[in-house]
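S.K.: with the input below, show me the fold.
(chains A and B)
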2 protein chains.
Amino acid sequence: MIEAAAERLRGHARVTPLLNSPFLDEIAGRRVWVKAECLQVTGSFKFRGGWSAVSALEGDGGVLAYSSGNHAQGVAAAARAHGREAVIVMPRDAPAIKVANTKAYGAQVVHYDRATESREEIGAKLAEARGLTLIRPYDEPQVIAGQGTCGLEIARQTAEVEVDGGEVLVCCGGGGLTSGIALALEEAAPSFRVRTAEPEGFDDVARSLAAGNIQSNEALSGSICDAIVTPRPGELTFPIMKRLCGPGMAVSDAEALRAMALAFLRLKIVVEPGGAVALASALFRGDDITGEDVVVVVSGGNVDARIFAKAIDTYGDAA
Amino acid sequence: MIEAAAERLRGHARVTPLLNSPFLDEIAGRRVWVKAECLQVTGSFKFRGGWSAVSALEGDGGVLAYSSGNHAQGVAAAARAHGREAVIVMPRDAPAIKVANTKAYGAQVVHYDRATESREEIGAKLAEARGLTLIRPYDEPQVIAGQGTCGLEIARQTAEVEVDGGEVLVCCGGGGLTSGIALALEEAAPSFRVRTAEPEGFDDVARSLAAGNIQSNEALSGSICDAIVTPRPGELTFPIMKRLCGPGMAVSDAEALRAMALAFLRLKIVVEPGGAVALASALFRGDDITGEDVVVVVSGGNVDARIFAKAIDTYGDAA
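M.R.: Predicted coordinates for the structure are as follows:
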């Protein structure tokens, strides 16, 4: 399914570059290879899964998605390219840029309150009432397959720079990207081991992996890493992660912001807080990592100017 | 020479991506293809020319370069990789990040005053006294050949997206990148026409092209676009540009800053002011451009956090 998704994505999704910098290597104490999914169409890896799912649909009906913003844009852009209607359920506190872009891609946006309402319930009701196909953000085989195409590229690009194994740190919300990459690497480059990265206090996946069963987050708001705060790992994604992934990692908001500043300074890419937690893990939690090389996936770059300016103002010179 | 340089650069320089965004296309009124040289090693295209020149040297002597910062980093990084000493002459007002990085690549930095001293004279004296090979920033055949490798990639990458001609806007200081790309495209994709982009008030190349002979800038400081402020086009580069390039363009500092904010918002790349003038020309001076597609080279991303933060704070949301 991942290889079939890669065929459908060809010429539509970007093959994002694998970047590095001697300055980051020095901080991390090993070579750091950054898969820059912030440079993906719509500014995050979510376009892969969105395109994979929409391009696999039959008929010409509309689609519905719920999302804090990146899946929204991925699905909205894919739907528009396929001539399909898109309705997106987004939390009221989603970053302004993500809401604006989702609308600009032609989607209708319906808001909900992240703390008191269930996006799953709202989405299911809307889908049924209007005859839309729900595209779940991670518990959806074609979405996982689409995200897995990132793993196929990691296998190919690491081989090109003669890196033949190591840990692959992936920013993890519901687990779609993590499980997709883990499945792709299991087949294409089994000497790599995938690990999850999350914000401290919202490390449901790390705790679930440690416990061996699904654990939930106590809070669903309060992290700057909005993109990857989800209630719990997915029903489809967790068994994959449990089978294939190493222990999960977690970093503070300050570490995520400092990683954003270092990516600005050393790689010239724009990274959103939730997209920076894997890089932050590689840079600041190196004692928990093994091997001479580490691959990190920078999962998105859709960050409001104010937050980015603050991150680089605070950490951009000293970093 | 360009193809030979491309061989020497293989595996050392990055093949930078060709990015686009429907939001930028809408502003420009045509499709805009962004060759993101800010993602090049050392954060600018200058690594190409630096590597090309250093890798073509015989013996094992040191090298000397004068530079406002990007050529400095390119030469310093290339020299270190080749085990050669590097001495770099930099203006006292060069951005702090460029000075710090040049030193971090192991080079010795010698400062001069951009308004009152001649970097050419200082460089020539130092090179003779210490037996160093001078690597000029643009009037140097192997440097022009190295920068031309960017043109070979543009020819290949535009063909991949089925763009078969149009204008190619290049941020222009002394003309090394412009003339290299123009020579590469003359052979590899002659349906493209290269044009220069400069800051208003420092448009020596545009005026030289219009006059048919070399004109100088009146001032050498006072633009935010430090990387591309040079006294006049080069002796080697100007005849190439005169033969191959269309009329030059110029934009204001405010337009360059707004283009930086749009690149942040829509492409997730970090662009320095001087590296944004070609994109600004495509976005805001579209009436002077012909064709359905325009290629712009974003030449570098080495910008101090304070300036970048101000650009996106001012223009990042409204942009």
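S.K.: report how many residues lie close to residue A:65.
M.R.: 34 (other Cβ atoms under 10 Å in any protein chain shown). Using the backbone N, CA and C atoms, a C-beta is placed for each residue, glycine as well.
S.K.: wait, is it part of a strand?
M.R.: Yes: counting by DSSP: H, G, I helix; E, B strand; the rest coil, residue A:65 is located in a strand.
S.K.: pull the contacting residues for the closest residue to it other than its chain neighbours.
M.R.: Distances taken as Cβ to Cβ, 6 or more residues apart in numbering or on different chains put residue A:75 closest to residue A:65, at 4.3 Å, once the chain neighbours are dropped. Residues in contact with residue A:75 (Cβ atoms under 8 Å, 6 or more residues apart in numbering or on different chains) are A:46, A:50, A:53-54, A:63, A:65, A:67, A:86, A:88, A:107, A:135.
S.K.: by proximity to chain B, which residue of the stretch 1-150 of chain A wins?
M.R.: Of the stretch 1-150 of chain A, the residue with the smallest distance to chain B, taken as Cβ to the nearest Cβ, is residue A:38 at 4.4 Å.
S.K.: does that residue touch residue A:299 like I think?
M.R.: Yes: Residue A:38 is in contact with residue A:299 according to Cβ atoms under 8 Å; the separation is 7.5 Å.
S.K.: okay, the two: which has more neighbours?
M.R.: Shown here are residue A:38 and residue A:299; by other Cβ under 10 Å, residue A:299 has more neighbours (33 against 28).
S.K.: from chain B, how far out is that one?
M.R.: 12 Å (Cβ to the nearest Cβ, to the nearest Å).
S.K.: for that residue, which residues are in contact?
M.R.: Residue A:299 neighbours (Cβ under 8 Å, 6+ apart): A:37-38, A:44-45, A:70, A:170-171, A:177, A:227-228, A:274-275, A:278.
S.K.: just residue A:232 next, same as before
M.R.: Contacts of residue A:232 by Cβ under 8 Å, 6+ apart are A:204, A:208, A:214-217.
S.K.: could you redo the last one with a cut-off of 6 Å?
M.R.: A:204, A:214, A:216 (Cβ atoms under 6 Å, 6 or more residues apart in numbering or on different chains).
S.K.: most neighbours of all these, which one?
M.R.: Busiest of the contacts of residue A:232 [other Cβ under 10 Å] is residue A:204, holding 25 neighbours.
S.K.: what's the nearest residue to that residue if we skip its chain neighbours?
M.R.: Residue A:204 sits nearest to residue A:217 (Cβ to Cβ, 6+ apart), 4.6 Å away.
S.K.: do the same with residue A:148
M.R.: That would be residue A:180: by Cβ to Cβ, 6+ apart, it lies 3.3 Å from residue A:148.
S.K.: likewise residue A:31?
M.R.: Using Cβ to Cβ, 6+ apart, the closest residue to residue A:31 is residue A:293 (4.6 Å).
S.K.: ditto for residue A:44
M.R.: residue A:300 (3.1 Å).
S.K.: surely that neighbour touches residue A:41?
M.R.: No: counting by Cβ atoms under 6 Å, residue A:300 stays clear of residue A:41, with 11.6 Å between them.
S.K.: quick one: which of the two has more around it?
M.R.: For residue A:300 versus residue A:41, neighbours defined as other Cβ under 10 Å are more numerous around residue A:300 (33 against 25).
S.K.: and the helix or strand encompassing residue A:260, what other elements does it pack with?
M.R.: Assigned by DSSP states H and E, residue A:260 falls within helix A:253-266. Contact partners of helix A:253-266 among helices and strands, from 3 or more Cβ pairs under 6 Å, 6 or more residues apart in numbering or on different chains; DSSP states H and E: helix A:277-284, helix A:305-315.
S.K.: of those helices, which approaches residue A:140 most closely?
M.R.: helix A:277-284 (22.3 Å; Cβ to Cβ).
S.K.: angle of that closest one against helix A:253-266?
M.R.: On the basis of axes from the mean of the first three to the mean of the last three Cα atoms, to 10 degrees, helix A:277-284 is oriented at 90 degrees to helix A:253-266.
S.K.: check the offset of the helix or strand just after helix A:277-284 from the chain's centre.
M.R.: Once the chain leaves helix A:277-284, the next helix or strand it forms, by DSSP H and E, is strand A:293-298. Relative to the centre of its chain, strand A:293-298 is centred 13 Å away, using Cα atoms, centre = their mean, to the nearest Å.
S.K.: restricting to C-alpha, output strand A:293-298 in PDB.
M.R.: Written as PDB, here are the backbone C-alpha positions of strand A:293-298 (Å, rounded to 0.1, in the frame of the first residue of the first chain):
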ATOM      1  CA  ASP A 293      23.900   8.900  13.100                       C
ATOM      2  CA  VAL A 294      20.400   9.900  14.000                       C
ATOM      3  CA  VAL A 295      17.600  10.800  11.500                       C
ATOM      4  CA  VAL A 296      14.900  13.200  12.600                       C
ATOM      5  CA  VAL A 297      11.700  14.100  10.800                       C
ATOM      6  CA  VAL A 298      10.800  17.800  11.000                       C
END
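S.K.: sheet partners, orientation included, of that strand?
M.R.: Strand A:293-298 has these partner strands in its sheet, going by DSSP bridges: strand A:31-36 (parallel), strand A:166-171 (parallel).
S.K.: who's in contact with the residue nearest to residue A:174 when sequence neighbours are not counted?
M.R.: Leaving aside its chain neighbours, residue A:174 sits nearest to residue A:138 (3.5 Å; criterion: Cβ to Cβ, 6+ apart). Residues near residue A:138 by Cβ under 6 Å, 6+ apart: A:174-176, A:234, A:237.
S.K.: and the two most separated of those?
M.R.: Those two in the contacts of residue A:138 that are separated most widely, counting by Cβ to Cβ, are A:176 and A:234, at 7.1 Å.
S.K.: the more surrounded of the two?
M.R.: Ranked by neighbour count (other Cβ under 10 Å), residue A:176 and residue A:234 place residue A:176 first, with 31 against 26.
S.K.: could you look up the SS state of the closest residue to that one other than its chain neighbours?
M.R.: Counting by Cβ to Cβ, 6+ apart, residue A:176 lies nearest to residue A:138, which is 3.2 Å off, once chain neighbours are set aside. When classified by three-state DSSP, residue A:138 comes out as coil.
S.K.: tell me how far residue A:138 lies from residue A:68.
M.R.: Residue A:138 sits 12 Å away from residue A:68, going by Cβ to Cβ, to the nearest Å.
S.K.: what residues does the stretch 1-150 of chain A put near chain B?
M.R.: Applying Cβ under 6 Å from any Cβ of the partner chain, we find that the stretch 1-150 of chain A lies next to chain B at A:17, A:38-39, A:43.
S.K.: if we go to 8 Å?
M.R.: Residues of the stretch 1-150 of chain A lying close to chain B (Cβ under 8 Å from any Cβ of the partner chain) are A:14, A:16-17, A:19, A:23, A:38-39, A:43, A:96-97, A:101, A:104.
S.K.: nearest to chain B within the stretch 151-300 of chain A, name that residue for me.
M.R.: For the stretch 151-300 of chain A, Cβ to the nearest Cβ, closest residue to chain B: residue A:268, 3.5 Å.
S.K.: OK, contacts around that residue?
M.R.: Applying Cβ under 8 Å, 6+ apart, the residues near residue A:268 are B:38-39, B:43, B:269-271, B:301-302.
S.K.: pipe those into JSON lines and attach distance to chain A and secondary structure per row.
M.R.: Formatted as JSON lines, those follow (distance: Cβ to the nearest Cβ, whole Å; DSSP: H, G, I helix; E, B strand; the rest coil):
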{"residue": "B:38", "distance to chain A": "4", "secondary structure": "helix"}
{"residue": "B:39", "distance to chain A": "6", "secondary structure": "helix"}
{"residue": "B:43", "distance to chain A": "5", "secondary structure": "helix"}
{"residue": "B:269", "distance to chain A": "6", "secondary structure": "strand"}
{"residue": "B:270", "distance to chain A": "4", "secondary structure": "coil"}
{"residue": "B:271", "distance to chain A": "8", "secondary structure": "coil"}
{"residue": "B:301", "distance to chain A": "3", "secondary structure": "coil"}
{"residue": "B:302", "distance to chain A": "8", "secondary structure": "coil"}
